[in-house]
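> Here is my input, please return the structure:
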Amino acid sequence: MTITAKGFSTYEVKDIQLNVGETVNLTPKLGVSGTSTQVEVTSEAPVVETTKSDVSALVSSTQILDLPINGRRVDNFVLLTLAVTSDAGFGLLTFRGLPGGNSFLTDGVDTTNSFYDENAGRTRTYNISQDAVQEFQVITSGFLAEYGRASGGVVNTITRSGSNDFHGTAYWFFKNATLAAKDISANGLKPQDWRHQAGASIGGPIVKDKLFFFFNGELQRRFFPIASSNITNTTLFASPTAINPTRCGAPATAAQCAAAEQYVIGRAAPQQVPRNADVNLMFGKVDYQIIERNRATFELNYLDFRSPNGIQTQVTAVLNRAGLL
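All right, here's what the predicted structure looks like:
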């Protein structure tokens, strides 16, 4: 008898735990029952999955619910697994030093942003609420051909489902800059930074043992202005040379160059550039248990992300000599 878990959550069968992406072969033996009574104490070795060739790990629901996380970007939990790290400031997941070529799945369905080769929602926002995620399967190497064109790693996100009992949660998280330290690159300026994240989830039966539903809605309202400062360099306005032909000079007059220099010097003081990040998320799921071994699932995920001046995600933005970020 072979049991395989693909796109659903963890199964438990009589002291045997089967996680998503695993296959376990069992050889049950049936014997004639006797009338005698006996007590046996045994210590058995754990089940070894001999059919598995990939290197993978599971991020469980206990870790997702109990570990602290800043911003509730749920794929940050993938960093708990070996050989996975964050790629610089934008937050791409790097498998063995490869920030690209990764495959992101939701309940076994490929949801990778193919244009940018990133997770859905990219690195600017999150595409699914933490409260809607049951667990992760993270495959770092040796994965099967069924995962397609991935050359870095595979992240399979398993979403929550309803059950025969009604369950619901409501939450609100708030952050501000009161307890934060000044950024050393902001020239002494401490930008405002506040964020509200609130949502609710509910799941339960539509028809007991047969039809189930789960729904989550979440919103984020964040204000986090950029601490902007110009680098003052008066040599920028010297006469043009063969080495640096972009310096101020002809056809600009000396008066125009002096005015431009004074303008830049006057804006050298750090200042705050307004920036928002507003997110509206909805996730709905309906599961229909056709027979014991077959289930049909229907899912809908909605993301609305609006962020004026949000292309830069760092705290500070400093202009260089050419006036570019």
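
> For the rest of this, base every contact and every neighbour count on C-alpha atoms.
OK.

> Give me the three-state assignment for residue 70.
For residue 70, the secondary structure call by DSSP: H, G, I helix; E, B strand; the rest coil comes out as coil.

> From residue 118, how far out is it?
From residue 70 over to residue 118 the distance is 20 Å, taken as Cα to Cα, to the nearest Å.

> The two: which is more packed in?
residue 118 (20 against 8; other Cα atoms under 10 Å).

> That one and residue 100 touch, don't they?
Yes: using Cα atoms under 8 Å, residue 118 is in contact with residue 100, at 7.4 Å.

> ok, now which ones touch residue 60?
134, 135, 136 (Cα atoms under 8 Å, 6 or more residues apart in numbering).

> Quick check: the gap between residue 116 and residue 104.
Distance from residue 116 to residue 104, by Cα to Cα: 13 Å.

> Name the residue in the two with the higher neighbour count.
Using other Cα under 10 Å as the criterion, residue 116 and residue 104 rank with residue 104 on top: 25 against 10.

> ok, the more buried one touching residue 154?
Yes: the pair residue 104 / residue 154 is scored as a contact, 5.9 Å apart, by Cα under 8 Å.

> All the strands of the stretch 51-200 of the chain, in order from the start?
Applying DSSP state E, counting those that start in this stretch to the stretch 51-200 of the chain gives strands spanning 55-59, 84-87, 92-95, 103-106, 109-110, 133-141, 154-159, 167-175, 194-207.

> What's the mean pLDDT across the shortest one?
Taken as a whole, strand 109-110 carries a mean pLDDT of 86.

> Then the longest one?
Average pLDDT, strand 194-207: 95.

> Would you mark the buried spots in that strand?
Neighbour counts over strand 194-207 (16 or more other Cα atoms under 10 Å) mark 194, 195, 196, 197, 199, 200, 201, 202, 203, 204, 205, 206 as buried.

> who's in contact with the fourth one?
By Cα under 8 Å, 6+ apart, the contact set of residue 197 is 172, 173, 174, 218, 219, 220, 221.

> measure the spatially most central residue of the chain to residue 300 for me?
Centroid-nearest residue in the chain, with Cα atoms, centre = their mean: residue 75, separated by 2.8 Å. Here the criterion is Cα to Cα. By it, residue 75 lies 19 Å from residue 300.

> Over to residue 168?
On the measure of Cα to Cα, residue 168 and residue 300 end up 19 Å apart.

> Same question for residue 282.
Counting by Cα to Cα, the gap from residue 282 to residue 300 is 8 Å.

> out of the contacts of residue 60, which one sits closest to residue 110?
Among the contacts of residue 60, residue 136 lies closest to residue 110 (Cα to Cα), at 14.1 Å.

> wait, that closest one sits on residue 58?
Yes: with contacts defined as Cα under 8 Å, residue 136 counts as touching residue 58 at a distance of 5.7 Å.

> Which one's more surrounded, these two?
Neighbours per residue, other Cα under 10 Å: of residue 136 and residue 58, the larger number sits with residue 136, 27 against 20.

> Just list the residues touching that one, thanks.
Applying Cα under 8 Å, 6+ apart, the residues near residue 136 are 58, 59, 60, 78, 155, 156, 157, 158.

> Could I get the contacting residues of residue 84?
78, 93, 94, 95, 96, 140.

> neighbours around the first one, how many?
As a burial measure, the neighbour count of residue 78 was computed by other Cα under 10 Å and equals 19.

> try the last one
Other residues near residue 140 come to 23 when the count uses other Cα under 10 Å.

> Not counting its neighbours along the chain, what's nearest it?
Leaving aside its sequence neighbours, residue 140 sits nearest to residue 153 (Cα to Cα, 6 or more residues apart in numbering; 4.8 Å).

> and that neighbour, what does it touch?
By Cα under 8 Å, 6+ apart, the residues touching residue 153 are 95, 101, 102, 103, 138, 139, 140, 141.

> at 6 Å instead, please
Contact partners of residue 153, counting by Cα atoms under 6 Å, 6 or more residues apart in numbering, are 95, 102, 139, 140.

> likewise residue 77?
Contacts of residue 77 (Cα under 6 Å, 6+ apart): none.

> 10 Å instead, please
Counting by Cα atoms under 10 Å, 6 or more residues apart in numbering, residue 77 makes contact with 59, 60, 63, 64, 67, 68, 69, 135, 136.

> just residue 301 next, same as before
With contact taken as Cα under 10 Å, 6+ apart, residue 301 is in contact with 127, 128, 129, 216, 281, 282, 283, 284, 285.

> Bridging across strands, which residues link to it?
residue 283 (DSSP bridges).

> quick one: it from residue 97, how far?
Taken as Cα to Cα, the span from residue 301 to residue 97 is 30 Å.

> What is the neighbour count of the nearest residue to residue 119 once chain neighbours are set aside?
Excluding the flanking residues, the one nearest residue 119 by Cα to Cα, 6+ apart is residue 112, at 5.1 Å. Residues lying near residue 112 (other Cα under 10 Å) number 20.

> and if you look at the one 3 residues further on?
Residue 115 has 6 neighbours, counted by other Cα under 10 Å.

> what does residue 131 give?
Here the count is done by other Cα under 10 Å, and residue 131 has 23 residues near it.
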